[in-house]
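Student: here you go, sequence then predicted model.
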Amino acid sequence: MKNKKNTGFYLAAKKFWKTVVHKKNKINTFELQLQIEAHKRLFSIFQPGAYYFLLFDIYQGEIEEISPEITNVLGYWPQELTMRQFMDNIHPVDKSYFLSFEDHTTQFFNHISVEKIGHYKVQYDLRLKKIDQKYAHILIQYVPVHYEEHNIYHTFHIHTDITHLKSEGVPTFSIIGIDGEPSYYNIQPAQTFTKSYDLFTNREREILKLIVEGKTSQQIADHLFISIHTVNCHRKNMLAKAAVKTPLELLNKAIKEGWL
């Protein structure tokens with residue numbers, strides 16, 4: 001499935017991912033499969049709900065493989081779900097958290113030595129829309145499985161349905177150390193950002209949140225019951241206030257500076 005409505009949201013995430021991988025690399029399929037099987041055994045031992053696995057190609061910004069169990073969790077067939085579709089299905093309120101978590105994760109892996117990369121697991125939760133249009137609360141856990149110095153090519157994920165444990169609430173984010181490495185639990189990305197609530201008006205912040213959700217100017221106008229001309233004027237003013245030139249730059253800066 002291809003969905004173009006959240007292009008800016010997807011590109012913002014790809015920009016973060018590109019900071020940890022700078023070239024395409026050939027895969028040693030046998031070695032990668034050994035790593036994946038080992039992580040499958042470890043991941044599946046203590047899962048609190050139904051789950052599926054996926055292999056994420058960071059360089060392409062795309063899901064490379066996904067296990068058939070996704071049908072039991074979200075209702076989709078494995079071949080249906082692209083990364084863009086996955087991101088489109090994130091609950092609108094959780095989209096900014098997703099970008100914040102991925103930004104913090106790439107920053108973390110960019111600042112540790114290659115010897116330590118394999119000793120950390122990323123963990124956070126989000127609400128994902130299922131094929132029946134209902135939301136499931138999903139615990140996302142992943143580890144790098146194909147990497148070298150300055151490049152992380154693949155991450156291996158397990159996504160677990162924890163709706164029965166957490167149906168509401170703010171998403172949480174942790175980076176967990178393995179084999180004696182320190183862990184960082186319940187990291188609060190918003191606390192590390194510089195708040196700038198005075199930069200935009202209330203209306204501009206409303207529009208900014210809708211931009212993050214991937215809505216077009218016409219959709220924003222319809223949602224707020226204002227003209228598309230008014231929306232475009234606000235967007236132009238917001239670019240000027242944020243000192244950026246494009247909507248994508250505005251989106252990236254809004255996430256990093258905690259303007260949402």
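Tutor: Arrived safely, thanks for sending.
Student: give me the element the nearest residue to residue 208 once chain neighbours are set aside is part of.
Tutor: Once flanking residues are discounted, residue 208 sits nearest to residue 254: 5.8 Å by C-beta to C-beta, 6 or more residues apart in numbering. C-betas here are computed from N, CA, C, even on glycine. Applying DSSP states H and E as the criterion places residue 254 in helix 247-257.
Student: other SSEs contacting that helix?
Tutor: Applying 3 or more C-beta pairs under 8 Å, 6 or more residues apart in numbering; DSSP states H and E, we find helix 247-257 packed against helix 7-17, helix 95-110, helix 202-212, helix 228-242.
Student: out of the ones you listed, which gets the lowest mean score?
Tutor: Of all the helices and strands packed on helix 247-257, the minimum mean pLDDT falls on helix 202-212 (a mean of 85).
Student: elements contacting that helix?
Tutor: helix 95-110, helix 217-224, helix 228-242, helix 247-257.
Student: what angle sits between it and helix 247-257?
Tutor: Counting by axes from the mean of the first three to the mean of the last three C-alpha atoms, to 10 degrees, helix 202-212 lies at 110 degrees to helix 247-257.
Student: buried ones in helix 202-212?
Tutor: Residues of helix 202-212 classed as buried: 204-205, 207-212 (neighbour count, 16 or more other C-beta atoms under 10 Å).
Student: quick check, residue 126 in contact with residue 99.
Tutor: No - Residue 126 is beyond contact range of residue 99, at 11.2 Å (criterion: C-beta atoms under 8 Å).
Student: between those two, which one's more packed in?
Tutor: residue 99 (25 against 21; other C-beta atoms under 10 Å).
Student: tabulate the helices and strands packed on helix 247-257 (TSV), appending distance to residue 74.
Tutor: Below are those laid out as TSV (distance: least, C-beta to C-beta, whole Å):
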stretch	distance to residue 74
helix 7-17	18
helix 95-110	16
helix 202-212	22
helix 228-242	33
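Student: closest one to residue 184 among those helices?
Tutor: Residue 184 lies closest, by C-beta to C-beta, to one member of those: helix 95-110, at 8.1 Å.
Student: residue 179: how many residues sit nearby?
Tutor: Neighbours of residue 179 using other C-beta under 10 Å come to 8.
Student: what do you get for residue 106?
Tutor: A count of nearby residues for residue 106, using other C-beta under 10 Å, gives 20.
Student: helices of the stretch 51-200 of the chain, start to end?
Tutor: Here the stretch 51-200 of the chain has its helices, by DSSP state H, counting those that start in this stretch, at 70-73, 83-88, 95-110, 114-117, 189-192.
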